[in-house]
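Engineer: Pasted the sequence and its predicted model underneath.
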Amino acid sequence: SGLVPRRRRPAGRQAIPSVAAVVSKPVMSGLVQLEDIHKTYDSGEVPVLAVRGVTLGIGPGEFVAVMGASGSGKSTLMNLVGCLDRPTRGRYLLNGTDVAGLDRNQLADLRNRELGFVFQGFNLLARTTARENVELPMLYGRRRFSSRGIRERAMRSLDLVGLTDRADHFPSHLSGGPQQ
């Protein structure tokens, strides 16, 4: 009942502090509100406590860095914030929407409308151009655009980051910065 078996740590080995030890900011109204978020993975005999008791509020225009040692729960926390995974317990409001009760399709729609991702590995489709990679999310969104509208929006987006002249280049012909 709430007790989690612990493995004994070999002598001389340090415990990896949870990201929860690093991230603890009072929740205020904001775009992202996490309240006592936990994520536990059942992967064998011993449950893995990946995120423990994170409370965090992020308001409009704020920048937040999540830092910690390898294995401290940073990626798990980012997957929770990005609605790519669900917390084991706790409450998560994204722009006022409680994500707990949303099904897969609703979560996908919420991600499409409310979130932007910059992945460490850029996740570009190798056989599509820069413009086509930018167009792709618009094909899956709830709002429908004409083919011409999609192309125009993609080109405006590429123009904002100085890549208009690279629109027809494939990812393998772009350096890391433009890929990102």
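Structural biologist: Thanks, I have it. Not measured: the values here are computed from a predicted model.
Engineer: how much space between A50 and V66?
Structural biologist: To V66, A50 is 13 Å away according to C-beta to C-beta, to the nearest Å. (Glycine included, C-beta is placed from N, CA and C.)
Engineer: more crowded one of the two?
Structural biologist: Using other C-beta atoms under 10 Å, the more surrounded residue of A50 and V66 is A50, with 23 against 16.
Engineer: Counting by contacts, list what the helix or strand hosting the more buried one packs against.
Structural biologist: Counting by DSSP states H and E, the element that carries A50 is strand 48-58. Applying 3 or more C-beta pairs under 8 Å, 6 or more residues apart in numbering; DSSP states H and E, one finds that strand 48-58 contacts helix 19-22, strand 32-41, helix 74-81.
Engineer: Make CSV out of these and add mean pLDDT and mean neighbour count.
Structural biologist: Shown next, in CSV, are these (pLDDT from 0 to 100; neighbours: other C-beta atoms under 10 Å):
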stretch, mean pLDDT, mean neighbour count
helix 19-22, 46, 19
strand 32-41, 95, 18
helix 74-81, 92, 20
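Engineer: mean confidence score for the longest helix anywhere in the chain?
Structural biologist: When the chain is parsed with DSSP state H, its longest helix is helix 147-160. Averaging pLDDT along helix 147-160 yields 95.
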